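>>> Sequence plus predicted model, see below.
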Amino acid sequence: MSNIDEKIAKLRLEQRMQNEREEHEKVAQGTKQDTEESINEITLEDVITQIETGKVTLEGETFNFKRALFLKGKINIPMPVEWFVEQVNTQEGVTLVNESYGVSFTGSYISKGAEKKTFAQFKKGMEKGFKDMELYLEWLEEGECGEGTSKISYGTYKTPTGKGELYNLIFYREKKGSVLVGNYNCFYKDINIWELLIKASIKLMKVN
């Protein structure tokens, strides 16, 4: 092999080794970034803490929160400031809507004479109603939150609409003939922000 050939072979080897080093560095940097994002991933508990301070930052967006009373003081819940348009606000019902983002909150209260139902029975009634209207309903999770008189049952579910699937959180409390029911929803495509905001708000809600 001539000196020129040896130099060319050496240059090619060095170039290949350099390319391999750069590739290893890219992989290492990507792994580091993924780890940092995992460590910095915001949790429901983080959002609850932020709401209590009055300000939440999620996905680069900042929301200011303030507690609001609805259904003549029956519920006390933190809400984004200047976010919703109030369509209804009476002793029996409340409806708040942000049509631009497809987010809404509704609540209703029957003070007496309501049929006694468990949350499981209430869910079955919902399922039947959706089925009768030939609509799709997929339950995602359920649980309870709050303590004492503020304890409520809740469930999250997904439903289709002409504008896309909706993510819903419905809450329910039956007590001594009275029933409190509410729904907080957003487009399913926006749950990376609104799922945490909705869940945190409901967990911080106080019921009288």
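The structure has been received and is ready for your questions.
>>> okay, CA-based contacts and neighbour counts for the rest of this
OK.
>>> those strands in the chain, which residues are they?
55-58, 61-70, 75-80, 85-89, 93-98, 103-110, 138-145, 152-159, 166-175, 178-187, 206-207 (DSSP state E).
>>> Counting by contacts, list what the third one packs against.
The elements that strand 75-80 packs onto, with contact taken as 3 or more Cα pairs under 8 Å, 6 or more residues apart in numbering; DSSP states H and E, are strand 61-70, helix 191-204, strand 206-207.
>>> do you know which of those lies nearest residue 43?
Residue 43 lies closest, by Cα to Cα, to one member of these: helix 191-204, at 7.8 Å.
>>> ok, residues contacting the closest one?
Residues outside helix 191-204 that contact it (Cα atoms under 8 Å, 6 or more residues apart in numbering): 43-45, 47-48, 51, 58-59, 77-79, 145-146, 167, 169, 184-186.
>>> Any buried residues in it, and which?
For helix 191-204, the neighbour count (16 or more other Cα atoms under 10 Å) marks 194-204 as buried.
>>> Which one of these is nearest to residue 179?
residue 202 (16.6 Å).
>>> Model confidence for the closest one, exactly?
Residue 202 is assigned a pLDDT of 95 by the prediction.
>>> Then residue 194?
With respect to pLDDT, residue 194 scores 96.
>>> cool, and residue 3?
47.
>>> Also residue 115?
Predicted confidence (pLDDT) for residue 115: 85.
>>> ok, and the closest non-adjacent residue to it?
Sequence neighbours aside, residue 177 is the residue nearest to residue 115 in space, at 6.8 Å (criterion: Cα to Cα, 6 or more residues apart in numbering).
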